[in-house]
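Undergrad: quick one, fold the following:
(one chain, ligands or ions: 1)
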Amino acid sequence: MMTIPATDTRLVYDGLAAHYDAFTAHHDYHSWIAALEEQALEHGLPGRRVLDVACGTGKSFLPLLAKGYVATGCDCSAEMLCRAREKAPNVALFQADMRELPPLGQFDLVTCLDDALNYLLSSRDLGRAFASASRNLAPGGLYVFDVNTLTGYATTWASTSFSEHDGRAFVWRGQVKAPAQPLLRATALIEIFTQAVDGTWSRATSRHAQRHHPEPLVRELLADAGFCEVTAYGQLPNGSVESGADELGHHKVVYFARRETRAVRR
Ligand SMILES: C[S@@+](CC[C@H](N)C(=O)[O-])C[C@H]1O[C@@H](n2cnc3c(N)ncnc32)[C@H](O)[C@@H]1O
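TA: Residues are numbered from 1 along each chain as shown. Below you'll find the predicted structure:
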């Protein structure tokens, strides 16, 4: 049995990369991203150049590519990027930490989806990720990201579930025991069972460590990074979003933030 430590998210995802698409096979990315695009257009999305930060295996940018967006992606995990590259060989993909992104372009839209930002375990790191996104947006461009709510940590991250896809079986073991509190740190294990051609089974365990980011903190750090017109929507488990984010009623909060057009303090 192999156990991958939680302390380094890059290593965690390098280890999970070969299984990520099977593990998330039941997520309807096309509907989710289509709903987010519709909201982004309502928020005045100024163009079609998109940077998908923490793009993983490409699931979060492929639906935009199919709609005619010009996509660029980045992620800290070389193995996740490898899978993205196989699916989208013409997309520019960079290995980079979202806390210290180099200038990759002046994008109309920067996305960071599927609770990638919850892997940042301090307010300082969250602020650095926001500043990195801001630097890569054209003035007036939109930043769209989601974070897990207290309800998400009190339910999904506190429970055990089983799924299987493509000959592999997954056991998700949320480790949250106490009532979920703002800023809580949460861990979960994903146990991956695979069967070799000789019929023997092997198990690998992937450990995930996250932190809850409460809305007042998110708004303060967004303002510091030069964002204005911040709107928070609540997301339900089926992926639909509704106005008025509620930590206790929604599983995720999806933020839409506009980069200020004037010079920003950073
Ligand atoms: C749950 S996956 C989401 C991937 C993709 N956005 C999707 O929706 O399928 C989280 C991703 O965040 C990436 N990630 C976590 N911390 C990161 C960091 N500091 N910098 C860049 N990527 C990071 C991981 O490597 C992983 O690919």
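
Undergrad: all helices of the stretch 1-150 of the chain, in order?
TA: Applying DSSP state H, counting those that start in this stretch to the stretch 1-150 of the chain gives helices spanning 9-23, 29-42, 62-66, 78-87, 123-135, 150-154.

Undergrad: check contacts around residue 118.
TA: Residues near residue 118 by CB atoms under 8 Å, 6 or more residues apart in numbering: 147, 148, 210, 211, 212, 213. (Glycine included, C-beta is placed from N, CA and C.)

Undergrad: how many other residues sit next to the residue of the chain found nearest the ligand?
TA: Using CB to the nearest ligand atom, the closest approach of the chain to the ligand is made by residue 56 at 2.7 Å. Residues within reach of residue 56, counting by other CB atoms under 10 Å, total 24.

Undergrad: please renumber so the chain begins at 29
TA: Yep, numbering from 29; the last one is residue 84 now.

Undergrad: excluding chain neighbours, what is closest to it?
TA: Once flanking residues are discounted, residue 84 sits nearest to residue 108: 4.7 Å by CB to CB, 6 or more residues apart in numbering.

Undergrad: show me which residues of the stretch 29-178 of the chain sit near the ligand.
TA: Within the stretch 29-178 of the chain, the positions near the ligand by CB under 6 Å from any ligand atom are 37, 41, 82-84, 87-88, 103-105, 108, 125-127, 141-144, 147.

Undergrad: can you list which of those are found in strands?
TA: residue 103 (DSSP state E).

Undergrad: show me the shaky parts of the stretch 79-228 of the chain.
TA: Along the stretch 79-228 of the chain, no part satisfies pLDDT under 70.

Undergrad: as a quick check, tell me the outermost residue of the protein.
TA: Note on the chain: the largest C-alpha distance from the chain mean falls to residue 226, namely 36.6 Å (CA atoms, centre = their mean).

Undergrad: rewinding a little: the residue of the chain closest to the ligand and residue 51 touch, don't they?
TA: No. Contact criterion CB atoms under 8 Å: residue 84 and residue 51 do not qualify, at 11.1 Å.

Undergrad: which residues does the residue of the chain closest to the ligand contact?
TA: Residue 84 is in contact with 41, 48, 103, 105, 108, 111, 112, 142, 144, counting by CB under 8 Å, 6+ apart.

Undergrad: which residues touch the fourth one?
TA: Going by CB under 8 Å, 6+ apart, residue 105 touches 37, 38, 41, 42, 45, 84, 123.
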